[in-house]
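Asks: Sequence plus predicted model, see below.
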Amino acid sequence: MEVKHTLEFTPNLHKKYLLMVLNGKLPNLSSMDTNRSVFMYFALAGLDLLNELDSIPEKRKQSIIEWIYSLQVVNEEELVSGFQGSTVLNTEENKGQNSPYKWAHIANTYSCLLSLIILGDDLSRVDRRAILNTLRSLQLSNGSFKGAKDGVEDDMRFVFCAASICYILDDWSGMDVERMVSFILNSISYDGGIGQGPELESHSGSTFCAVACLALSKNLHRLTKAQFHALRRWLLLRFGCGFSGRPNKPVDTCYSFWTGGALKILDAYQFIHDNKLNHLYVLMTQDKYGGFSKWVNTISDPMHTYFGLAGMSLMNFGGLNKMFCELNVTRRAHEHLKRVQETWK
């Protein structure tokens with residue numbers, strides 16, 4: 001099936017698409033129900049970039065906030081506190097109480113906290129202490145983090161989630177920062193990029209996560225001068241007709257943010273060649289009914305829609321709201337977070 005695309009930026013169609021995602025109207029996402037909170041974050045963050053949060057009625061915003069808080073788990077005994085991905089494991093029998101496998105996941109906790117911030121919540125109902133206690137239990141001896149108590153991977157993605165959670169909660173007691181920094185530095189590859197862990201292939205996604213962690217924790221200076229320049233060079237080489245995630249791999253819409261965002265943090269985005277044409281590949285993946293896809297002539301999805309918009313925001317294209325790259329959220333939302341944190345002092 002051929003999917004039709006347009007090179008004319010269509011923000012109204014993207015708003016319509018993201019509202020459909022937010023309201024659960026896309027049937028092809030039904031198999032991803034356990035990660036509904038992540039898709040909710042993509043939809044809300046995308047609408048924020050479009051400056052279209054007001055298109056969500058206030059009553060609906062409040063219902064989303066209440067739903068997010070219904071996903072909060074406070075279980076100090078098992079150290080599984082945080083936020084779930086959806087209500088899949090919430091039943092009439094365990095409503096309001098802890099039960100086996102009713103656990104939080106580090107990525108869902110990150111997504112839910114950011115969604116609350118985007119919606120203007122004051123985080124007053126977030127059990128910060130319980131989340132930080134659980135976060136400490138998820139850090140491994142090498143400084144990495146696993147996603148949940150059992151049965152999950154551990155890599156740079158979850159290190160980024162952990163650092164972001166500490167930054168949002170304005171409390172770095174949730175991790176051993178020195179171990180985290182050591183893990184990141186040990187994950188720098190021979191080519192200058194950063195992998196998901198030591199001795200693994202460099203990847204733009206894990207490189208962004210690592211760079212953002214260093215920035216959020218005020219440790220970018222821990223990179224040597226040689227590492228800093230090699231890292232910027234490796235990222236700049238990922239740009240061709242668009243951004244790719246690894247050498248000899250095709251360009252992909254989401255890397256307009258993962259690669260571009262890392263370059264922004266490292267103050268090197270301005271060195272991209274053909275910057276005036278930078279947005280064309282992303283526009284080529286834009287569906288005529290709204291949303292962006294991974295590649296040209298494929299079906300749009302929530303993740304690539306959000307990261308396509310985020311990438312174009314870095315390009316100062318389309319009048320989109322500006323990004324606070326380190327946290328993967330708009331500057332508007334980040335400013336709200338700073339105001340909330342002031343009330344905790």
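Replies: On my side now, so go ahead.
Asks: tell me the pLDDT at the spatially closest residue to residue 334 that is not a sequence neighbour?
Replies: Closest residue in space to residue 334, ignoring its immediate chain neighbours: residue 324 at 4.0 Å, by CB to CB, 6 or more residues apart in numbering. C-beta: built from backbone N, CA, C; applies to glycine. For residue 324, the pLDDT comes out at 98.
Asks: can you tell me which residues contact residue 327?
Replies: Applying CB atoms under 8 Å, 6 or more residues apart in numbering, we find residue 327 in contact with 114, 164, 167-168, 212, 216, 334, 337.
Asks: same check, this time on residue 104
Replies: Residue 104 sits next to 72-73, 80-84, 131, 134, 148 when contact means CB under 8 Å, 6+ apart.
Asks: Same list as before, the contacts of residue 327 that is, but in CSV and with secondary structure included.
Replies: As requested, those are arranged in CSV below (DSSP: H, G, I helix; E, B strand; the rest coil):
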residue, secondary structure
114, helix
164, helix
167, helix
168, helix
212, helix
216, helix
334, helix
337, helix
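Asks: Just the buried residues of those.
Replies: Buried members of the contacts of residue 327, counted by 16 or more other CB atoms under 10 Å: 114, 164, 167-168, 212, 216, 334, 337.
Asks: hmm, which two among these are most spread apart?
Replies: 212 and 337 (15.1 Å; CB to CB).
Asks: closest to residue 206 among the contacts of residue 327?
Replies: Relative to residue 206, the closest of the contacts of residue 327 is residue 212; by CB to CB it sits at 10.6 Å.
Asks: Please report how far the residue nearest to the closest one when sequence neighbours are not counted lies from residue 54.
Replies: Spatial nearest neighbour of residue 212, chain neighbours left out: residue 326 (4.9 Å); criterion: CB to CB, 6+ apart. The gap separating residue 326 from residue 54 is 26 Å, by CB to CB, to the nearest Å.
Asks: can you pull out the strands in the stretch 201-345 of the chain?
Replies: 323-324, 329-330 (DSSP state E, counting those that start in this stretch).
Asks: partner strands of the first one, parallel or antiparallel?
Replies: For strand 323-324, the paired strands and their directions (DSSP bridges) are strand 329-330 (antiparallel).
Asks: returning to that earlier point: most neighbours of all the contacts of residue 104, which one?
Replies: Within these, residue 82 tops the neighbour count with 31 neighbours, counted by other CB atoms under 10 Å.
Asks: give me the beta-bridge partners of that one?
Replies: With beta bridges defined as DSSP bridges, residue 82 has these partners: residue 73.
Asks: What distance do you get for it to residue 326?
Replies: To residue 326, residue 82 is 21 Å away according to CB to CB.
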